[in-house]
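S.K.: Starting from these lines, generate the structure:
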Amino acid sequence: MTRPLSPDGARILNFVGMTAMIGVLLGVAATYVIGSFADWDVVLDLTTIALAVGFSVAIGVIFGVWPARQAARLDPIAALRYE
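M.R.: Numbers count the residues shown, from 1 in each chain. I've put the predicted structure just below:
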């Protein structure tokens with residue numbers, strides 16, 4: 001029998017954290033690029049950025065991670081038998 005290669009919880013959280021940081025950096029860069037083309041003054045508040053990241057993480061956990069963890073705890077045979 002072969003064991004499936006699946007990441008553990010720490011690797012998943014590491015991946016989520018890295019993608020969140022990349023997303024924030026891309027968002028800030030896009031804000032400055034669009035602001036320079038549109039000749040706008042760009043003002044970024046760290047509180048707003050933190051609030052946006054927190055909201056995104058909450059949505060991801062509620063609608064992504066939590067159902068996936070619940071499904072991973074199920075016995076595959078019992079889950080298929082239920083349908």
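S.K.: low-scoring pLDDT stretches of this protein, where are they?
M.R.: Counting by pLDDT under 70, the ranges of the chain that qualify are 1-6, 82-83.
S.K.: list the helices and strands the longest helix anywhere in the chain packs on?
M.R.: Taking DSSP state H as the criterion, the chain has its longest helix at helix 9-38. If contacts are counted by 3 or more CB pairs under 8 Å, 6 or more residues apart in numbering; DSSP states H and E, helix 9-38 sits against helix 46-60. No exception for glycine: its C-beta is placed from N, CA and C like everyone else's.
S.K.: Repeat the analysis, applying 10 Å as the threshold.
M.R.: Packed against helix 9-38 by the contact rule (3 or more CB pairs under 10 Å, 6 or more residues apart in numbering; DSSP states H and E) you find helix 46-60, helix 66-72.
S.K.: give me every residue that touches the spatially most central residue of the chain.
M.R.: Nearest residue to the geometric centre of the chain (CA atoms, centre = their mean): Val16, 4.9 Å. Listed by CB atoms under 10 Å, 6 or more residues apart in numbering, the contact partners of Val16 are 57, 60-61, 64-65.
S.K.: According to the record, where do the domains of this protein fall?
M.R.: The chain breaks down into these domains under automatic domain parsing: 10-42, 45-83.
S.K.: From the chain's centroid, how far away is the shortest one?
M.R.: Spelled out, it's domain 10-42. Centre-to-centre, domain 10-42 and its host chain are 13 Å apart (CA atoms, centre = their mean, to the nearest Å).
S.K.: how much does the longest helix of the chain deviate in direction from helix 46-60?
M.R.: Angle, helix 9-38 to helix 46-60, by axes from the mean of the first three to the mean of the last three CA atoms, to 10 degrees: 130 degrees.
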